[in-house]
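Visitor: the following block contains a protein sequence and its predicted model.
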Amino acid sequence: MSRNHVHDDTRTETDGGTAAAVETTEPDAPDTRGEVPPEAIASLDDFTIQRDADGGVLPVYERLPGRDDYVRVRPLRQGDANEYLPQSGDPSALKDEGILELLKRFYVEPNFEGVESLDEIKAFGLDPLLMALMNASGFGYAQGMISDSNELVEAVQGNSSRGN
């Protein structure tokens, strides 16, 4: 450390200089510098698919985004995601037939077996249905990981542009 270095709580020392400290916790998140309450620790059930005695995937209840209503869906397994989703992972990039197949195969309640075309679905009803299925399949974890990664990239880019 140089003789002229002034300690600043908003800066973090690195091998190549200093960088702005990045807050990595949500405002309401528990303080992870101390003891973490047991209810804040993820369980294996948060990441695994539950199965019945015959090995079938058990459906779960998932809240529709922006609503108090729930749907009952079978979460996508990794193999299902590889088979049914485009490489981008975005189900809205599928053709109508692919989206309808997702709804019929993975939705338990409501049941889409009698729906013959997406033209029967309300204009803004499709996105919440797809998001609920994705969330039940762990997409929220991926979103958080992507968001954290983007924040880190932005912080590094911000420091680089300032010559730090």
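Guide: Here it is on my side, so go on. Numbering: from 1, shown residues only.

Visitor: ok, V108 - contacts?
Guide: With Cβ atoms under 8 Å, 6 or more residues apart in numbering as the criterion, the residues that contact V108 are P59, R72, V73, R74. Just so you know, the C-beta spots here come from the backbone N, C-alpha and C atoms, and that holds for glycine as well.

Visitor: gap between it and L126?
Guide: With distances taken as Cβ to Cβ, to the nearest Å, V108 is found 18 Å from L126.

Visitor: where does this protein have low pLDDT?
Guide: For the chain, the stretches with pLDDT under 70 are 1-33, 140-155, 157-164.

Visitor: all helices of it, in order?
Guide: Here the chain has its helices, by DSSP state H, at 78-84, 96-106, 126-136, 139-161.

Visitor: report the buried residues of the shortest one.
Guide: Right, the one you point to is helix 78-84. Across helix 78-84, burial judged by 16 or more other Cβ atoms under 10 Å covers D80, A81, Y84.

Visitor: what does the third one give?
Guide: Burial within helix 126-136, assessed by neighbour count using 16+ other Cβ under 10 Å, is assigned to L126, P128, L129, L130, M131, A132, L133, M134, N135, A136.

Visitor: now do the same contact list for the fifth one.
Guide: For M131, the contacting residues are L64, P65, F139, by Cβ under 8 Å, 6+ apart.

Visitor: who's in contact with the second one?
Guide: With contacts defined as Cβ under 8 Å, 6+ apart, P65 is in contact with P128, M131, A132, N135.

Visitor: so how far is M131 from it?
Guide: 5 Å.

Visitor: what's the answer for the last one, then?
Guide: According to Cβ to Cβ, F139 stands 8 Å off from M131.

Visitor: what does the first one give?
Guide: The span separating L64 from M131 equals 8 Å under the rule Cβ to Cβ.

Visitor: so M134 makes contact with P91?
Guide: Yes - taking contacts as Cβ atoms under 8 Å, M134 lies within contact range of P91: 6.7 Å.

Visitor: ok, the nearest residue to R67 once chain neighbours are set aside - contacts?
Guide: Among residues not flanking R67 along the chain, P128 sits closest, at 6.9 Å (Cβ to Cβ, 6 or more residues apart in numbering). By Cβ under 8 Å, 6+ apart, the contact set of P128 is L64, P65, G66, R67.

Visitor: burial count for P86?
Guide: Around P86 there are 12 other residues, counting by other Cβ atoms under 10 Å.

Visitor: nice, that's everything, thank you.
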